[in-house]
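S.K.: Structure for the following, please:
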Amino acid sequence: MKSYVSDETTRVVEAVTRERLVRNRMSRPLTESAVCDAVSEIFERLDRIESERADGRRPREEFSLVKAIRGMAVRAHRPIVPETATEDEAYLERSTSTGVAPGAYLVPTLQANRIVQQLSLGSAARASGATIWDMQGVQDMNVPIGITTPSFQWMAQNSRQTPTDFSMGQMSFDLKECWAFELLPIQLFRSALPKFSDLLEMFFAIGLGEAEDNAIFSAATLASAPPALLSSSGIVTMNTGSNPNGTNLVWQDVVNMLEKSATSKVKPPLGWFMHPRTLTRLLNLVDSSSRPLLIPTISGNGLQSNYELMGWPIWLSVGIPITQALGSGSNQSSIVLAPPRNFHIAQDEGIQMAISMEFALESAQVALRVGARRSLDYQPRGAFVCLLGIN
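M.R.: Now for the predicted structure:
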């Protein structure tokens, strides 16, 4: 670890990283080496940011989440660093604006855009190339879409043709609020290190990205969340092994999905979206000579695995449940085959923050809420082929 990272910061990073790995690895054992590797990766990213600052690729004077939070504490009459209270409040005044939620402040657009750009760290749908709609300052938005292409007919000369209506529809976006509520030691805010601001920014982006995936791939629409893919009418669903209760995944299921996508006239590029456990099921499939049917590539990057299936990349997301039930089945999962651009994510790029100094006063912690507004849709629906009931 670098010398600028305090022991307290390191402990917080390890605790948050361990919690995130527990969520992602589900039933698989969590080893100390996995935690160390993840923590090392985080600090390597921070080192790259520092290098970019040093050679001028990233401006040194940036919005500081730490300074803003200290200013919010002054506004709450609980200054974290009394000696700099006036300076901290002035920084909050000139660098933020009042948020929609009571007592919340909006992060500047530039910083909010940086957080939004990093959401692909936690969202497979966004990282794969989802279509992003800007709804800055707008609560509701309707977008017209074409449902079917015009029908062309071969005609004899001087014959009459009956006109048909062009099939149109619309996507409706209604922004929903998504908030995180965290407790952080006050000691971390005593000195406004740029590294800690970068660390907070990174974790916010990862967490918000994971929340997007959870809402998209949930087996049913989550409470107060935008509609889930599987709850949307018009998508194409298939059962594993054509079994009403689901069964073990076989290669024919993959072929059937690709065939269904082709007969639905879905235009490439495509992407496969699945839980890591489902990928292990595919890795266990072999041909008659016991050779694996899935061969690793060198294209893996972040949430994109190092594998392609039928020529299209595999995107991994723990937001796809492994606790689904099809018929009498249980602890099952699903695979989605679709063009990534057909995931539509509408966003108000503002990031809101609010704090409480009293919530955890006895443990010398700051209660921090960070929120954003999102909406989701999936169009055209017929381009989504979902395989259900994977044991």
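S.K.: got the residue ranges for the helices in this structure?
M.R.: 7-25, 32-54, 65-75, 85-95, 109-117, 124-128, 194-217, 251-263, 276-283 (DSSP state H).
S.K.: Relative to the whole chain's centre, how far out is the shortest one?
M.R.: For helix 124-128, the distance between its averaged C-alpha position and the chain's averaged C-alpha position is 7 Å (CA atoms, centre = their mean, to the nearest Å).
S.K.: Let me know the pLDDT of residue 262.
M.R.: Looking at residue 262, its pLDDT stands at 94.
S.K.: Pull the number of nearby residues for it.
M.R.: 12 (other CB atoms under 10 Å). All C-beta atoms are positioned from the backbone trio N, CA, C, and that covers glycine.
S.K.: Residue 238 too?
M.R.: 18.
S.K.: ok, it to residue 255 distance?
M.R.: Look at residue 238 and residue 255: by CB to CB, to the nearest Å, they are 11 Å apart.
S.K.: Equivalent analysis for residue 186, please.
M.R.: Residue 186 is 58 Å from residue 255, by CB to CB.
S.K.: where does the stretch 1-150 of the chain dip in pLDDT?
M.R.: 1-16, 18-32, 35, 38-39, 41-62, 99-103, 109-114, 117, 146-149 (pLDDT under 70).
S.K.: how close does the residue nearest to residue 129 when sequence neighbours are not counted get to residue 145?
M.R.: Nearest residue to residue 129, sequence neighbours excluded (CB to CB, 6 or more residues apart in numbering): residue 340, at 3.9 Å. Separation of residue 340 from residue 145 (CB to CB): 17 Å.
S.K.: neighbour-wise, which of these two wins?
M.R.: residue 340 (20 against 14).
S.K.: residues contacting the more buried one?
M.R.: Neighbouring residues of residue 340 by CB atoms under 8 Å, 6 or more residues apart in numbering: 125, 128, 129, 130, 269, 271, 315.
S.K.: So it versus residue 255, what's the distance?
M.R.: Distance from residue 340 to residue 255, counting by CB to CB: 21 Å.
S.K.: What of residue 276?
M.R.: 22 Å.
S.K.: The two - which one has more neighbours?
M.R.: Neighbour tally, residue 276 and residue 255, criterion other CB under 10 Å: the higher count belongs to residue 276, 18 against 11.
S.K.: so the more buried one sits right up against residue 314, yeah?
M.R.: No: using CB atoms under 8 Å, residue 276 makes no contact with residue 314, being 10.0 Å away.
S.K.: burial measure for residue 253, as a count.
M.R.: 21.
S.K.: does it really touch residue 240, like I thought?
M.R.: Yes: contact criterion CB under 8 Å: residue 253 and residue 240 qualify, at 5.5 Å.
S.K.: what's the overlap in contacts for these two?
M.R.: residue 387.
S.K.: OK, contacts around the nearest residue to residue 190 once chain neighbours are set aside?
M.R.: Closest residue to residue 190 apart from its sequence neighbours, by CB to CB, 6+ apart: residue 81 at 6.1 Å. By CB under 8 Å, 6+ apart, residue 81 lies in contact with 70, 88, 189, 190.
S.K.: Filter these down to the buried ones, PyMOL style.
M.R.: Restricted to buried positions by 16 or more other CB atoms under 10 Å, the PyMOL selection for the contacts of residue 81 reads:
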select buried, resi 70+88+189
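S.K.: Could you report the pLDDT at residue 209?
M.R.: 87.
S.K.: For residue 317, see how far away the closest residue in space to it that isn't next to it in sequence is.
M.R.: Using CB to CB, 6+ apart and skipping residues adjacent in sequence, the residue nearest residue 209 is residue 122, 2.7 Å away. Plainly put, residue 122 is 9 Å away from residue 317 if you go by CB to CB.
S.K.: Equivalent analysis for residue 89, please.
M.R.: From residue 89 to residue 317 the distance is 41 Å (CB to CB).
S.K.: who's more crowded, these two?
M.R.: The neighbour comparison of residue 89 against residue 317 (other CB under 10 Å) goes to residue 317, with 25 against 17.
S.K.: thought that one was touching residue 213?
M.R.: Yes: at 4.7 Å, residue 317 counts as touching residue 213 under the criterion of CB under 8 Å.
S.K.: and for those two, which residues touch both?
M.R.: 123, 124, 125.
S.K.: Including distance to residue 322, could those residues go into a markdown table?
M.R.: Shown next, in a markdown table, are these (distance: CB to CB, whole Å):
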| residue | distance to residue 322 |
| --- | --- |
| 123 | 18 |
| 124 | 15 |
| 125 | 18 |
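S.K.: of the residues you listed, closest to residue 359?
M.R.: Checking the shared contacts of residue 317 and residue 213 against residue 359 with CB to CB, the nearest one is residue 123 at 28.9 Å.
S.K.: what's the closest non-adjacent residue to the closest one?
M.R.: residue 209 (3.6 Å).
S.K.: if I look at the one you found, how far off is residue 271?
M.R.: Using CB to CB, we find residue 209 at a distance of 16 Å from residue 271.
S.K.: cool, and residue 351?
M.R.: Separation of residue 351 from residue 271 (CB to CB): 27 Å.
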